[in-house]
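Trainee: attaching a predicted model along with its sequence, questions to come.
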Amino acid sequence: MSPVVVIGAGPQGLAAAAHLLERGLEPLVLESGATAASAVAEWGHVRLFSPWTELTDAASRRLLEPTGWSAPTQGYPTGAQWIEQYLAPLADALGDRVRSGTRVVGVGRRGRDLSVDGGRAEQPFVVHIERADGTEERIEASAVIDASGTWRTPNPAGADGLPALGERAAIEAGLMEHRMPASEDASTLAGRHVVVVGNGHSAATTIGILSRVAKREPGTRITWVLRRGTIGNTFGGGSADELPERGALGQRAKQAVEEGLVDLVTGFRTERIEIEDGQAVLVAEDGRRLDPAARIFVATGFRPELSFLSEVRLDLDMRMQAPSRIAAEVDPNLHSCGSIRATGATDLEQPDPGLYIVGAKSYGRAPTFLALTGFEQVRSVVAAIAGDREAAERVDLVLPDTGVCGGAGLFDAPAAGR
């Protein structure tokens, strides 16, 4: 029988493989990066706001424990620690079922393009891949779990969802980055003007890293740019958040603003970036201009990469680009107070039977994803693929309350490193 292809060897993709093995199904995990969890490695210097007890998956623990591995239970790991102590051992345990340096460029049904109905559901999936050396291959799959995430498709600084005029030039000049700086990188900006664009935990994390530099070097200036006209829930739920470190993250950013380390600018919708004397100048649609900056860090969220799914049938919300059954709940335009419910196979299955979108990608453009959510998703999805509808429909998770209304900025990954 053809394997179940899992796209992406991040936390959810590796967990999906562990669940498939436990169900007697053969996984094949395809990872575009050089190693498993390569996206996590790019923010390995940053501490997560979820504790260790919420960052390992049950089936993965059962796979690892016979090797002598013990689940970490204390503290909040950095991304690098998450890899070293859990994700890398899990990838090793899965062995050659994980193929790194393998980019998925297309998914379809054998012999059926997108428009063909006849016999479609009876045909296996075909997954087209390109290896790092440029060679190509076509793999048949009994089912496909897309856990490719959104990390490598960040939203631009431009307020209309498109890159601002001059944005690409600013990136090429090394003046703008879509990442969170490491402490040593931030230290090179001491005594200079730095701009952070975005509202949410990635932005708050960046503010926390930079504000520590500003405390040590009083000449350092930080401008925090929000598109929204009011501060709203920028600082999160504080002590009302059931994930204490998530609540504390926003409060640290708030303190930096109150101490005058950060200048908060609201209602600033970036239209263009100009380069003046080797520095970048943000210009808003209303004509406002920020002072020239040595560096701009863009933390405006992420979006799903859908191009390689163009020949399979998708039911996605037109605004959030998330599966339609969950879009209204994760949509920050609509979602109000408290936690988002756990989601499972019924929510995530696409019109081509056997195709599922899981992990951060399942939330489309919404900034609300937690690792716990992904582990529950893959448990349910794999149960459905195995034909265990009772387990697929069961909900084994209650998510922690955010302590805020409005739902924005709750992406679970980096919290402020300390």
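Mentor: Looks like it came in fine. Numbering: from 1, shown residues only.
Trainee: rest of the way, CA atoms for contacts and neighbours
Mentor: Will do.
Trainee: what about stretch 1-14, start to end distance?
Mentor: End-to-end distance for stretch 1-14, by Cα to Cα, to the nearest Å: 21 Å.
Trainee: list the buried residues of it.
Mentor: By 16 or more other Cα atoms under 10 Å, the buried positions in stretch 1-14 come out as 3, 4, 5, 6, 7, 8, 9, 10, 11, 12, 13, 14.
Trainee: ok, which pair from the residues you listed is furthest apart?
Mentor: Using Cα to Cα, the buried residues of stretch 1-14 span at most 19.6 Å, a distance reached by 3 and 11.
Trainee: so how far is residue 341 from residue 2?
Mentor: For residue 2, the distance to residue 341 - Cα to Cα - is 33 Å.
Trainee: helices of the stretch 251-400 of the chain, residue ranges please.
Mentor: Under the criterion DSSP state H, counting those that start in this stretch, the stretch 251-400 of the chain contains helices at 324-330, 345-348, 371-385, 389-393.
Trainee: show me this structure divided up by domain.
Mentor: 4-152+302-393, 167-300 (automatic domain parsing).
Trainee: nearest to residue 158 among those would be which one?
Mentor: Closest to residue 158 of the domains of the chain, according to Cα to Cα: domain 167-300, at 5.2 Å.
Trainee: which one in the protein is furthest away from the centre?
Mentor: Centroid-distance maximum for the chain: residue 118 at 36.4 Å, with Cα atoms, centre = their mean.
Trainee: tally of neighbours for residue 305?
Mentor: Residue 305 has 17 neighbours, counted by other Cα atoms under 10 Å.
Trainee: with the one 3 residues further on instead?
Mentor: Burial of residue 308 is recorded as 15 neighbouring residues (other Cα under 10 Å).
Trainee: can you tell me the closest non-neighbouring residue to it?
Mentor: Closest residue in space to residue 308, ignoring its immediate chain neighbours: residue 106 at 4.2 Å, by Cα to Cα, 6 or more residues apart in numbering.
Trainee: name the SS class of the one you found, please.
Mentor: Recorded secondary structure, residue 106: strand (DSSP: H, G, I helix; E, B strand; the rest coil).
Trainee: on that earlier part again, lowest average pLDDT across the domains of the chain?
Mentor: Here the lowest mean pLDDT among the domains of the chain goes to domain 167-300, at a mean of 90.
Trainee: now do that domain: distance from first to last residue.
Mentor: End-to-end for domain 167-300, by Cα to Cα: 14 Å.
Trainee: distance from the chain centre to that domain, please.
Mentor: Averaging C-alpha positions (Cα atoms, centre = their mean, to the nearest Å) puts domain 167-300 19 Å from its chain's average.
Trainee: measure the residue nearest to residue 308 to residue 126 for me?
Mentor: 8 Å.
Trainee: pick out whichever of the two has more residues nearby.
Mentor: Using other Cα under 10 Å, the more surrounded residue of residue 106 and residue 126 is residue 126, with 22 against 18.
Trainee: hey, what's that one bridged with?
Mentor: Using DSSP bridges, the beta-bridge partners of residue 126 come out as residue 108, residue 140.
Trainee: now do the same contact list for it.
Mentor: Shown in contact with residue 126 (Cα atoms under 8 Å, 6 or more residues apart in numbering): 107, 108, 109, 110, 138, 139, 140, 141.
Trainee: gap between it and residue 23?
Mentor: From residue 126 over to residue 23 the distance is 22 Å, taken as Cα to Cα.
Trainee: do residue 282 as well
Mentor: 53 Å.
Trainee: the two - which one has more neighbours?
Mentor: It is residue 282, of residue 282 and residue 23, that has more neighbours when counted by other Cα under 10 Å, with 27 against 15.
Trainee: list the buried residues of stretch 22-39.
Mentor: If you call a residue buried by 16+ other Cα under 10 Å, then stretch 22-39 has these buried ones: 25-33, 35-39.
Trainee: narrow those residues to those in helices?
Mentor: 38, 39 (DSSP state H).
Trainee: closest to residue 163 among the buried residues of stretch 22-39?
Mentor: The nearest member of the buried residues of stretch 22-39 to residue 163, counting by Cα to Cα, is residue 39 at 22.1 Å.
Trainee: quick check: chain neighbours aside, which residue is closest to that closest one?
Mentor: Distances taken as Cα to Cα, 6+ apart place residue 151 nearest to residue 39, at 6.6 Å, with adjacent residues excluded.
Trainee: count of neighbours near residue 162?
Mentor: Applying other Cα under 10 Å, we find 12 other residues in the vicinity of residue 162.
Trainee: distance of it from residue 155?
Mentor: Relative to residue 155, and taking Cα to Cα, residue 162 is found at 8 Å.
Trainee: do residue 286 as well
Mentor: 21 Å.
Trainee: which of the two has more neighbours?
Mentor: Neighbours were counted for residue 286 and for residue 155 using other Cα under 10 Å; residue 155 has more, 22 against 11.
Trainee: returning to that earlier point: among the helices of the stretch 251-400 of the chain, which is the most enclosed?
Mentor: Of all those, helix 371-385 carries the top mean neighbour count, a mean of 26, counting by mean count of other Cα atoms under 10 Å.
Trainee: what is that helix packed up against?
Mentor: Using 3 or more Cα pairs under 8 Å, 6 or more residues apart in numbering; DSSP states H and E, the elements in contact with helix 371-385 are helix 11-22, helix 345-348, helix 389-393.
Trainee: now the angle from that helix to helix 11-22?
Mentor: Per axes from the mean of the first three to the mean of the last three Cα atoms, to 10 degrees, the angle that helix 371-385 makes with helix 11-22 is 30 degrees.
Trainee: run the chain-centre distance for helix 371-385.
Mentor: For helix 371-385, the distance from its own C-alpha centre to the chain's C-alpha centre is 17 Å (Cα atoms, centre = their mean).
Trainee: name the helix or strand for the closest residue to residue 71 other than its chain neighbours, please.
Mentor: The shortest distance from residue 71 to any non-neighbouring residue, by Cα to Cα, 6+ apart, is to residue 61 (7.0 Å). Using DSSP states H and E, residue 61 sits in helix 58-64.
Trainee: immediately after that helix, which helix or strand?
Mentor: Next in sequence after helix 58-64, counting helices and strands by DSSP H and E, comes helix 79-82.
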